[in-house]
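Undergrad: whatever this is, show me its structure:
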Amino acid sequence: MSEFWDQMESRGPGEVVVGGVPVGPGSRVRLRPGNRADIFDLVLDGRVAVVESVEQDDEGAFHVAVTLDDDPGRDLGEARLPGHRFFYSAEEIEPLESPARVLVAGIGNVFLGDDGFGVEVVRRLAEEAAVPGMDVVDFGIRGMDLAYALQREYAGVVFVDAAARGQAPGTLTVLEPELPDESDTLVETHGMDPVRVLRLARQLGRLPARVRVVCCEPVSVGEALFELSEPVRAMVGEAASLVKSLVMEMIAESTVPGSRDPASR
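TA: The predicted model follows:
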């Protein structure tokens, strides 16, 4: 019985090789369902999907969990909700060339006034024309989800947050965090400390080579104001533009020969 639980607790294989191409979390694939009568197979045949995880059963067969690339509810699939997440065998996926991608993570608590700045910025980005290679996700206070999202093949990540740095309210700052070496990291399941999230991501095995934090000086983050203060709200559009420029810069850097391996930090 202990062997069974040891197997259940063990990590998945991480990746599977399909047609000579390694496929793992973050890889883009085209779905080629087998000859099955499932209505989803008929509808999803030929669609582009993003690999969320690779699993291997006790008989050695590989199964790939995916979300659809153009699903507006893709974050629901990432949260493992049915209807947005699908499983296929390794023989039913076709690897696609994966250009560099950058994750933009909006973080903060929308019930604490200016602390919701990051969430408001990613909402603005989601409404505007998309930058090729940019994934925009509202993580709110879901630190654990963000740590696992960083295990995908992202070339970079941009955090958008509110941070008190003693500047005038509404001041935007771009930071490149340096992480001290610490062996153990505790992450609150319903809280968000970006540094702890980055440490946990590193412990899990992958941290994008390029990490930037776009932060805005708040008026207050401790009161239940339920809306942004005027100085902070006025900077949402400018912050969205700043994030786009950082994403394009990261993507350009990642295409330079000899650029750092995204998992090397």
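Undergrad: my read is residue 167 is in a helix, agree?
TA: No - counting by DSSP: H, G, I helix; E, B strand; the rest coil, one finds residue 167 to be coil, located in no helix.
Undergrad: wait, isn't it in contact with residue 215?
TA: No - between residue 167 and residue 215 there is no contact under C-beta atoms under 8 Å: 9.8 Å. Where you see a C-beta, it was placed from the backbone N, CA and C, and this is true even at glycine.
Undergrad: quick check: neighbours shared by the two?
TA: Jointly contacting residue 167 and residue 215 under the rule C-beta atoms under 8 Å, 6 or more residues apart in numbering are residue 173.
Undergrad: the two - which one has more neighbours?
TA: residue 215 (22 against 13; other C-beta atoms under 10 Å).
Undergrad: which residues are contacting the helix or strand where the more buried one lies?
TA: Here residue 215 sits within strand 210-216, counting by DSSP states H and E. The contact list for strand 210-216, computed with C-beta under 8 Å, 6+ apart, reads 102, 114, 117, 121, 155-163, 165, 170-177, 194, 198, 232, 235, 239, 242-243, 246, 250, 253-254, 265.
Undergrad: next step: those restricted to strands.
TA: 102, 156, 157, 158, 159, 160, 161, 162, 172, 173, 174, 175 (DSSP state E).
Undergrad: now the second one: how far from residue 148?
TA: Per C-beta to C-beta, to the nearest Å, residue 156 is found 17 Å from residue 148.
Undergrad: ok, residue 68 touching residue 51?
TA: No - the criterion here is C-beta under 8 Å, and residue 68 misses it with residue 51 at 11.6 Å.
Undergrad: mind listing the strands for the protein?
TA: In the chain, the strands defined using DSSP E lie at 16-18, 21-23, 28-31, 48-56, 62-68, 86-89, 93-95, 102-107, 134-140, 156-162, 172-175, 210-216.
Undergrad: make JSON lines out of the ones you listed and add mean pLDDT and distance to residue 125.
TA: Shown next, in JSON lines, are the strands of the chain (pLDDT from 0 to 100; distance: least, C-beta to C-beta, whole Å):
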{"stretch": "strand 16-18", "mean pLDDT": "86", "distance to residue 125": "32"}
{"stretch": "strand 21-23", "mean pLDDT": "80", "distance to residue 125": "28"}
{"stretch": "strand 28-31", "mean pLDDT": "89", "distance to residue 125": "21"}
{"stretch": "strand 48-56", "mean pLDDT": "85", "distance to residue 125": "18"}
{"stretch": "strand 62-68", "mean pLDDT": "88", "distance to residue 125": "19"}
{"stretch": "strand 86-89", "mean pLDDT": "88", "distance to residue 125": "26"}
{"stretch": "strand 93-95", "mean pLDDT": "90", "distance to residue 125": "28"}
{"stretch": "strand 102-107", "mean pLDDT": "94", "distance to residue 125": "6"}
{"stretch": "strand 134-140", "mean pLDDT": "91", "distance to residue 125": "5"}
{"stretch": "strand 156-162", "mean pLDDT": "95", "distance to residue 125": "9"}
{"stretch": "strand 172-175", "mean pLDDT": "95", "distance to residue 125": "15"}
{"stretch": "strand 210-216", "mean pLDDT": "94", "distance to residue 125": "11"}
